[in-house]
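Colleague: turn this into a structure:
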Amino acid sequence: MKKVILITFLTLCTLIAKSQISTSYYSTMNFSKISVGYDFNDRWWGDMRLFGGCDLDLLYIEPVLLYNLKAESNFSTYIGLGTSIGKYVMAIAPIGVQVKPIASINNVFLHFELQPTFNFNGRDVDLYYYIGLRYKFNKKD
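Modeller: Residues are numbered from 1 along each chain as shown. Here you go, the predicted structure:
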């Protein structure tokens, strides 16, 4: 089943290659994420995240829809809603900030994100934090 999810994820990544796409890496003390994002417009964007640690039982796919509350050329704040699917099914609600650290490099952003996670199985609520990098590829016509 995990192979099917991974193949589906990679296939979706190739289907969106003619628009504004981005790739990200997020990290925290125990877990990391990689993602491929798609900007629908200046306000709405989506991420397909692969989340986990060294143990494959802790591998999760996270489709997330995000909304830029404030978007400037060097800074943006966003909120989102999504799900985390793996050993457990969880709802996630990321809240974050993207900052362009070097003005002359247009496509690189730093991410700071808080993510409340609601586990439906154990009825737990956890708060994760992530720091990461996002690279936005140039828009193709």
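Colleague: average pLDDT across stretch 39-54?
Modeller: For stretch 39-54, mean pLDDT rounds to 84.
Colleague: which other residues reach that stretch?
Modeller: Applying CB atoms under 8 Å, 6 or more residues apart in numbering, the contact partners of stretch 39-54 are 6, 9, 12-13, 19-22, 24, 26, 30-38, 58-68, 71, 80, 82, 84, 86, 136. All C-beta atoms are positioned from the backbone trio N, CA, C, and that covers glycine.
Colleague: now do the same contact list for residue 76.
Modeller: Neighbouring residues of residue 76 by CB under 8 Å, 6+ apart: 68, 69, 70, 97, 98.
Colleague: now do the SS call for it.
Modeller: strand (DSSP: H, G, I helix; E, B strand; the rest coil).
Colleague: for this structure, just list every one of the strands.
Modeller: Taking DSSP state E to define them, one finds strands in the chain at 21-27, 32-39, 44-52, 60-71, 75-85, 89-92, 95-99, 108-119, 124-136.
Colleague: in this structure residue 69 contacts residue 95, no?
Modeller: No: using CB atoms under 8 Å, residue 69 is not in contact with residue 95, being 9.3 Å away.
Colleague: higher neighbour count, these two?
Modeller: residue 95 (15 against 12; other CB atoms under 10 Å).
Colleague: from residue 116, how far out is that one?
Modeller: Distance check for residue 95 against residue 116: by CB to CB, to the nearest Å, it reads 8 Å.
Colleague: give me the common contacts of the two.
Modeller: In contact with both residue 95 and residue 116: no residue, using CB under 8 Å, 6+ apart.
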